[in-house]
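# I would like to see how this sequence folds:
(chains A and B)
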There are 2 protein chains.
Amino acid sequence: MAREVTAFSNSTVKLLRSLRDKKARRAEGLFLAEGLRILTEARDSGRLPEIVAFSAEGAKHPLAAGIISAVEAAGGDAIETTPAILSKMSGKDNPQMLLGAYRQQGTSLDAIDRSTAPLWIAAQALRDPGNIGTILRTGDAVGAGGLILIDDCADPYSVEAVRASMGAIFTQQVATARWPEFIAWLRGGDGQLVGTSLKATQDYLEAEYRPPCFLLIGNEQQGLPADYEGECDLLVKIAMEGRADSLNAAMAAAVMAFAIRASWR
Amino acid sequence: MAREVTAFSNSTVKLLRSLRDKKARRAEGLFLAEGLRILTEARDSGRLPEIVAFSAEGAKHPLAAGIISAVEAAGGDAIETTPAILSKMSGKDNPQMLLGAYRQQGTSLDAIDRSTAPLWIAAQALRDPGNIGTILRTGDAVGAGGLILIDDCADPYSVEAVRASMGAIFTQQVATARWPEFIAWLRGGDGQLVGTSLKATQDYLEAEYRPPCFLLIGNEQQGLPADYEGECDLLVKIAMEGRADSLNAAMAAAVMAFAIRASWR
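Below you'll find the predicted structure:
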């Protein structure tokens, strides 16, 4: 049976609230996802939250009720609470009426089997959690296997990244690594490393991509470091017509990923 | 000579601060842009702010100094102020040391000459100002002529949209219209209206696009209304491989816009 919790001082409420903070996420090994759509996505991918919190209103939807009883059946914690408390947990004025705390998956490169997908996305020093979530979502849509976060990136388990991923945090593998570790792992097997650079001479539409292809996206401001570019097997350019700035990192990832997939058809 | 202003109660400070609010932007016909990079972009596109505010630090860069003296030479207002006040204006803890208030351009469809670009992007009921800015930036990169905002969209002149556009607000034409008005204008000339829909049967890579091509992007949650889809000359599908949600609206715009351009090469 779900517990009813209405005190901000309740320890489970405090735990869920704390997950908006990176340190707490790391210490607990948990992260927050919000909303029926994303929790259903998670369940369809075989993932249940360890803790689910909901309002009386939120529990009314049959899919929500199904998730809540599945959490209880699995020995998890289900708490019915108030919209005001849900709002505190999510940090939004109009919170979702259902949210869950999920166990973070391991993020070791060794857990990645590169043969399971033709395309993988790697992002280097990406600072914007929204970009990370958006790239996860793009990866899911294009059929990539997952996202490898290189050097100091924003946390893929932040509320903002999870929100922008629209559930793809549950369908895409996520690994983190420093650059030397990534390169050692990459070169330990088959794999084409593809970077984009405004300095490249080869057009992205004319390059020959071969799976498993690792698409490398650089930092929002600086792009890729020169020596990282030097390590790429293929360095391509998306010709820009505009007078303003280059493409946003998440846009460049989407344009490249879909162009790579298109080249294989 | 630039005036020095250090009081939060100064009327110019108040005016600039007010521009974070849509009503004030509309009443004044002005909008805020921040940072040397974007203000330089604007200048390169022939646009100067009517008011420029900067810190002593911000004025040191030769490009900033050039913009400040150009504003003064053009009879505009240049104020030197404190980082604390710049922070209040931009709503950010770490504000840019240079910001400008620019005159909004007219947003009538009649101002658009469709023969000047092969591709135009139209967005319907897009609610996220970040998406609007990102689509402007994509439009600039891909060589689109501008963005037509249909029905109730977020304000392209909001601080968030201008920021995400990375200067493309100055290079892309922007028009706003209700749907019937847009369709009447569109059908008054040459133009192919292209929508994307998960219900479409034609693959986006196999369709034949012809300029002037109008790429129509739907609302983030609902996509395009069925009768709007019915009006499209071409309805295409981006096949999704994933288990999670479809592409984000701004991603779909980027993938489509670059695929359309690629088809013309």
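# Would you mark the buried spots in the helix or strand harbouring residue A:250?
In this structure, residue A:250 sits in helix A:249-263 according to DSSP states H and E. The neighbour-count check on helix A:249-263 (16 or more other C-beta atoms under 10 Å in any protein chain shown) flags A:249-262 as buried. From N, CA and C alone the C-beta is placed, and that goes for glycine too.
# again with stretch A:187-203
For stretch A:187-203, using 16+ other C-beta under 10 Å, the buried residues are A:191, A:192, A:193, A:194, A:195, A:196, A:197, A:200.
# Widest-spaced pair of the buried residues of helix A:249-263?
A:249 and A:262 (20.3 Å; C-beta to C-beta).
# returning to that earlier point: dump the buried residues of helix A:249-263 into a markdown table; add pLDDT and distance to residue A:135 as well.
What follows is those, written out as a markdown table (pLDDT from 0 to 100; distance: C-beta to C-beta, whole Å):
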| residue | pLDDT | distance to residue A:135 |
| --- | --- | --- |
| A:249 | 92 | 8 |
| A:250 | 93 | 5 |
| A:251 | 93 | 10 |
| A:252 | 93 | 10 |
| A:253 | 96 | 5 |
| A:254 | 96 | 8 |
| A:255 | 96 | 12 |
| A:256 | 97 | 11 |
| A:257 | 97 | 9 |
| A:258 | 97 | 13 |
| A:259 | 97 | 15 |
| A:260 | 98 | 14 |
| A:261 | 97 | 15 |
| A:262 | 96 | 18 |
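# beta partners for residue A:219?
With DSSP bridges as the criterion, residue A:219 is bridged to residue A:223.
# which bits of chain A sit near chain B?
By C-beta under 8 Å from any C-beta of the partner chain, the residues of chain A that approach chain B are A:37, A:41, A:44-45, A:130, A:134, A:137-143, A:164-168, A:170-171, A:205, A:238, A:240-248, A:250-251, A:254-255, A:258-259, A:262, A:265.
# tell me what the helix holding residue A:250 is packed against?
Judged by 3 or more C-beta pairs under 8 Å, 6 or more residues apart in numbering or on different chains; DSSP states H and E, the packing partners of helix A:249-263 are strand A:119-124, helix A:129-142, strand A:192-196, strand A:213-217, helix B:129-142, helix B:249-263.
# Distance to residue B:117 added to these, as CSV?
Converted to CSV, the helices and strands packed on helix A:249-263 look like this (distance: least, C-beta to C-beta, whole Å):
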stretch, distance to residue B:117
strand A:119-124, 31
helix A:129-142, 26
strand A:192-196, 24
strand A:213-217, 28
helix B:129-142, 9
helix B:249-263, 11
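# returning to that earlier point: just the angle between the helix holding residue A:250 and helix B:129-142, please?
Put simply, helix A:249-263 runs at 60 degrees to helix B:129-142, going by axes from the mean of the first three to the mean of the last three C-alpha atoms, to 10 degrees.
# the inter-axis angle of helix A:249-263 versus strand A:119-124?
For helix A:249-263 against strand A:119-124, the angle by the same axes, to 10 degrees is 160 degrees.
# Just give me the neighbour total for residue A:63.
For residue A:63, the neighbour count with other C-beta atoms under 10 Å in any protein chain shown is 13.
# repeat for residue A:265
Neighbours of residue A:265 (other C-beta under 10 Å): 8.
# Now it: closest residue in space that isn't a chain neighbour?
residue B:205 (6.9 Å; C-beta to C-beta, 6 or more residues apart in numbering or on different chains).
# What does the pLDDT read for that neighbour?
Note for residue B:205: predicted pLDDT of 96.
# Please apply the same query to residue A:8.
Note on residue A:8: pLDDT of 86.
# burial count for it?
Around residue A:8 there are 13 other residues, counting by other C-beta under 10 Å.
# what helix or strand does it sit in?
Applying DSSP H and E, one finds residue A:8 in no helix or strand.
# which residues does it contact?
Residue A:8 makes contact with A:14, A:85, A:88, according to C-beta atoms under 8 Å, 6 or more residues apart in numbering or on different chains.
# Spatially, which residue comes closest to residue A:49, not counting chain neighbours?
Leaving aside its chain neighbours, residue A:49 sits nearest to residue A:100 (2.8 Å; criterion: C-beta to C-beta, 6+ apart).
# Residue A:163 now?
residue A:133 (6.3 Å).
# Check residue A:242 too.
Nearest non-adjacent residue to residue A:242, counting by C-beta to C-beta, 6+ apart: residue B:140, 3.3 Å away.
# do residue A:87 as well
Per C-beta to C-beta, 6+ apart, closest to residue A:87 is residue A:95, 4.4 Å.
# Would you confirm that the one you found contacts residue A:82?
No: Residue A:95 is beyond contact range of residue A:82, at 10.3 Å (criterion: C-beta atoms under 8 Å).
# So which of these two has more stuff around it?
Each of residue A:95 and residue A:82 has its neighbours counted (other C-beta under 10 Å); residue A:95 has more, 21 against 16.
# Let me know the pLDDT of that one.
pLDDT, read off for residue A:95, is 82.
# can you give me phi and psi for it?
Residue A:95 adopts backbone torsions of phi -70, psi 160, taken as degrees, to the nearest 10.
# could you measure it against chain B, distance?
17 Å (C-beta to the nearest C-beta, to the nearest Å).
# now swap in residue A:55 and tell me
Separation of residue A:55 from chain B (C-beta to the nearest C-beta) stands at 21 Å.
# send the alpha carbons of stretch A:247-264 over as PDB?
Provided in PDB are the C-alpha atoms of stretch A:247-264 (Å, rounded to 0.1, in the frame of the first residue of the first chain):
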ATOM      1  CA  LEU A 247      25.100  25.500 -35.500                       C
ATOM      2  CA  ASN A 248      24.300  24.800 -31.900                       C
ATOM      3  CA  ALA A 249      26.100  21.600 -30.600                       C
ATOM      4  CA  ALA A 250      22.800  19.600 -30.300                       C
ATOM      5  CA  MET A 251      21.800  20.700 -33.800                       C
ATOM      6  CA  ALA A 252      25.100  19.700 -35.300                       C
ATOM      7  CA  ALA A 253      24.700  16.300 -33.600                       C
ATOM      8  CA  ALA A 254      21.200  15.900 -35.100                       C
ATOM      9  CA  VAL A 255      22.200  17.000 -38.600                       C
ATOM     10  CA  MET A 256      25.300  14.800 -38.600                       C
ATOM     11  CA  ALA A 257      23.600  11.700 -37.100                       C
ATOM     12  CA  PHE A 258      20.700  11.800 -39.600                       C
ATOM     13  CA  ALA A 259      23.100  12.400 -42.500                       C
ATOM     14  CA  ILE A 260      25.200   9.400 -41.400                       C
ATOM     15  CA  ARG A 261      22.200   7.200 -41.200                       C
ATOM     16  CA  ALA A 262      20.900   8.500 -44.600                       C
ATOM     17  CA  SER A 263      24.300   7.600 -46.200                       C
ATOM     18  CA  TRP A 264      23.700   4.000 -45.200                       C
END
